[in-house]
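Trainee: what shape does this take:
(one chain, ligands or ions: 1)
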Amino acid sequence: MTGFYDEIKASSGMYKFYSNGEWMESTSGKGVSILNPASNESVYQVQACTQKEVDSVFEAAKKAQKAWARTPLWKRAEYLHKVDGIMKDNAQPMADALMNEVAKGAKDSLTEVIRSGDLIAYTAEEGVRYLGEGMLLNSDSFPGQDRSKLCMASKVPLGVVLCIPPFNYPVNLAVSKIAPALMAGNTVVIKPPTQGAVAATHMVQAFHKAGVPPGVINLVTGRGSEIGDYLTTHALVNCISFTGGDTGLSICKKAGMVPIQMELGGKDVCIVCEDADLELTAKNIIKGGFSYSGQRCTAVKLVLVLESVADKLVSMVSKQVDGLSVGKPEDNCTITPVISKSSADFIEGLVKDAEAKGAKLMQKYRREGNLIWPVLLDHVTPEMRLAWEEPFGPVVPVVRVKTVEEAIDHCNANNLALQGCVFSRDIDQAIRVSDAMETGTVQINGAPARGPDHFPFQGFRDSGIGSQGIKNSLAMMVKTKTTVLNLKTPSYTLG
Ligand SMILES: NC(=O)c1ccc[n+]([C@@H]2O[C@H](COP(=O)([O-])OP(=O)(O)OC[C@H]3O[C@@H](n4cnc5c(N)ncnc54)[C@H](O)[C@@H]3O)[C@@H](O)[C@H]2O)c1
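Mentor: Residues are numbered from 1 along each chain as shown. Predicted coordinates:
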């Protein structure tokens, strides 16, 4: 009996890439090893695709696009609903891959797959309504015009969309690009992160099994640093949808005349006012700062607390940090090994810098391989790197401020401006602070979060271009086309 995922793997054990409806092995004969963050040992191998293979997937995507755009909207939605069901029915191996590649807790790995299915289904539902709507404009509303021109504005596909997700949500942040792109009549080429590539490969099998036509979805694997530039500057790319870190800034500089969607890094601040509910605040700092070891773009990455309540808050948060579970993703620990040795070294560098400059570590710093025990750092000052840089690890710095304005100024002085949050019992004050914070989203009395996935989601300044969230993502996957009907004589509807 053959299994659902059998064909995505070669007899050598290496995972295949997917081009024009077929699972294939690269002619390079080379693989890219994927290291398990817990052991730093190779756990999977994916194909190191060649530039010629990149060309062929783009050609397949381009060739398939017109026929896909001609497929009725309801039918595209039907395919996506089918993918949702198939993904959920075959979720466990995909979740296992996530656990092995990116050390995400077992339960959270499964949740990512299920949430991704939900996102696909919601996008199909929203897509049939949103994309089905156009606009009719009459010329006589503009000064000096009569009603002899009728303008029909409709939403048309962009063409081939290149989707590049990051390691921390390689399935969810892939489908958040793929589903709106496909609904809008585009075809896609996906380049998953190296760690996360096997989970993404499993995900593509759900599209294959749902009968999505050849060329509509394609997947290439290889090191971003090796084929990344070739992909993003490819002549057949019509849109780049990217989520990741600083790499996005350099992609923006190199990309040509194509729409770009960027969801980049964050330094999400948590402003704690004097009248905040400290129990609620502490709970949210723990959840926001430490879940998935702080490797979330929306993790709380800096607490800015008013001096008068700082001692109490720090003590409450610190007690809960002591109670966090640390260990293996298989055991559903909150704190698991961070993605790589270089990431662990980077985080350690930030902690050591802060310690050397006088920050008070509330927990003893401890590291074994890529596993870093959670640590809260009090008395962090603007001279320390941790006050500004994104650790992407289980490390939360606290800066004590004299006024709310000082906290707002710190927030706005950072080029990273994804999300932030403010805790206050006074809703007028909370709104005032929220309005003054120049970040893409501000949560009032709650931790930063991307979900639910239909909420608009965007970063300001170096944190992004464009707005995602299901409806906004659909809007970014189309361009406007207008058809103007010119009448020989003006015509007016009289009722
Ligand atoms: N704003 C958001 O929605 C959001 C969500 C999740 C993660 N992030 C950010 O992502 C970062 C962590 O993820 P990461 O380490 O995977 O980011 P990264 O920038 O290192 O990698 C992101 C993706 O880019 C690929 N890549 C690398 N070099 C490339 C190149 N030259 N051309 C094209 N692609 C290339 C990688 O293979 C990966 O798929 C953090 O900064 C985090 O804040 C942002």
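Trainee: tell me, what residue is most central in this protein?
Mentor: Centrality entry for the chain: nearest residue to the mean C-alpha point is Leu173, 4.4 Å, by Cα atoms, centre = their mean.
Trainee: distance of the nearest residue to Asn486 once chain neighbours are set aside relative to Thr483?
Mentor: Nearest residue to Asn486, sequence neighbours excluded (Cβ to Cβ, 6 or more residues apart in numbering): Lys149, at 5.7 Å. Quick note: C-beta positions are derived from backbone N, CA and C, even for glycine. Applying Cβ to Cβ, to the nearest Å, the value for Lys149 to Thr483 is 11 Å.
Trainee: who has more neighbours, those two?
Mentor: It is Lys149, of Lys149 and Thr483, that has more neighbours when counted by other Cβ atoms under 10 Å, with 16 against 10.
Trainee: show me what contacts that one?
Mentor: Residues counted as contacts of Lys149 (Cβ atoms under 8 Å, 6 or more residues apart in numbering) are Asn138, Ser139, Val484, Leu485, Asn486, Leu487.
Trainee: max pairwise distance over those: which two?
Mentor: Spatially, the most separated pair among these is Asn138 and Asn486, at 12.7 Å (Cβ to Cβ).
Trainee: so between the two, which is more surrounded?
Mentor: Between Asn138 and Asn486, counted using other Cβ under 10 Å, Asn138 has the larger neighbour count: 17 against 8.
Trainee: okay, and the beta partners of the more buried one?
Mentor: Counting by DSSP bridges, Asn138 forms beta bridges with Leu150.
Trainee: partners of the one helix or strand Ser241 maps to in the sheet?
Mentor: For Ser241, the host element (DSSP states H and E) is strand 239-243. For strand 239-243, the paired strands and their directions (DSSP bridges) are strand 160-164 (parallel), strand 260-263 (parallel).
Trainee: hmm, the shortest one in reach of the ligand?
Mentor: By that I understand strand 260-263. Yes - Strand 260-263 is in contact with the ligand by Cβ under 6 Å from any ligand atom, via Glu263.
Trainee: now whichever helix or strand comes after that strand - C-alpha only, PDB.
Mentor: Next helix or strand after strand 260-263 toward the C-terminus (DSSP H and E): strand 268-272. Output in PDB follows, covering the C-alpha atoms of strand 268-272 (Å, rounded to 0.1, in the frame of the first residue of the first chain):
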ATOM      1  CA  ASP A 268       7.500  44.800  19.600                       C
ATOM      2  CA  VAL A 269       7.400  46.900  22.800                       C
ATOM      3  CA  CYS A 270       5.100  46.500  25.700                       C
ATOM      4  CA  ILE A 271       4.300  49.800  27.400                       C
ATOM      5  CA  VAL A 272       3.100  49.400  31.000                       C
END
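Trainee: buried residues in the very next helix or strand once past strand 268-272, which are they?
Mentor: Once strand 268-272 ends, the next helix or strand along the chain (criterion: DSSP H and E) is helix 278-290. Using 16 or more other Cβ atoms under 10 Å as the test for burial, helix 278-290 gives Leu278, Thr281, Ala282, Asn284, Ile285, Ile286, Lys287, Gly288, Gly289, Phe290.
Trainee: which non-adjacent residue is nearest Tyr18?
Mentor: Using Cβ to Cβ, 6+ apart, the closest residue to Tyr18 is Leu219 (4.2 Å).
Trainee: same question, Phe242
Mentor: With Cβ to Cβ, 6+ apart as the criterion, Phe242 has its nearest non-adjacent residue at 4.6 Å, and that residue is Ile164.
Trainee: OK, contacts around that neighbour?
Mentor: Per Cβ under 8 Å, 6+ apart, neighbours of Ile164: 190-193, 224, 228, 231-232, 240-244.
Trainee: can you lay out these as JSON lines showing distance to the ligand and pLDDT?
Mentor: Shown next, in JSON lines, are these (distance: Cβ to the nearest ligand atom, whole Å; pLDDT from 0 to 100):
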{"residue": "Ile190", "distance to the ligand": "9", "pLDDT": "98"}
{"residue": "Lys191", "distance to the ligand": "6", "pLDDT": "97"}
{"residue": "Pro192", "distance to the ligand": "6", "pLDDT": "97"}
{"residue": "Pro193", "distance to the ligand": "3", "pLDDT": "96"}
{"residue": "Gly224", "distance to the ligand": "2", "pLDDT": "77"}
{"residue": "Gly228", "distance to the ligand": "2", "pLDDT": "90"}
{"residue": "Leu231", "distance to the ligand": "6", "pLDDT": "97"}
{"residue": "Thr232", "distance to the ligand": "5", "pLDDT": "97"}
{"residue": "Ile240", "distance to the ligand": "9", "pLDDT": "98"}
{"residue": "Ser241", "distance to the ligand": "11", "pLDDT": "98"}
{"residue": "Phe242", "distance to the ligand": "7", "pLDDT": "98"}
{"residue": "Thr243", "distance to the ligand": "5", "pLDDT": "98"}
{"residue": "Gly244", "distance to the ligand": "3", "pLDDT": "97"}
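Trainee: domains of this structure?
Mentor: As assigned by automatic domain parsing, the chain contains the domains 7-264+464-480, 268-444.
Trainee: what residues does this structure have near the ligand?
Mentor: Neighbours of the ligand within the chain, by Cβ under 6 Å from any ligand atom: 164, 166-169, 193-194, 224-225, 228-229, 231-232, 243-245, 247, 251, 263-266, 297, 390, 392, 418, 459, 464.
Trainee: which members of those residues are classed as buried?
Mentor: If you count burial by 16+ other Cβ under 10 Å, the buried members of these come out as 164, 166-169, 193-194, 224, 228, 231-232, 243-244, 247, 251, 263-266, 297, 390, 392, 418, 459, 464.
Trainee: these in strands, which ones?
Mentor: Judged by DSSP state E, the subset of these located in strands is Ile164, Thr243, Glu263, Gly464.
Trainee: can you pull out the low-pLDDT segments for the stretch 1-150 of the chain?
Mentor: 1 (pLDDT under 70).
Trainee: strands along that one, start to end?
Mentor: Remark: strands assigned in the stretch 1-150 of the chain by DSSP state E, counting those that start in this stretch are 17-19, 22-24, 31-36, 41-47, 135-138, 149-157.
Trainee: got the buried residues for the fourth one?
Mentor: Spelled out, that is strand 41-47. Of all the residues in strand 41-47, those buried under the rule 16+ other Cβ under 10 Å are Val43, Tyr44, Gln45, Val46, Gln47.
Trainee: before we move on, what about the last one?
Mentor: Judged by neighbour count using 16+ other Cβ under 10 Å, the buried positions of strand 149-157 are Lys149, Lys155, Pro157.
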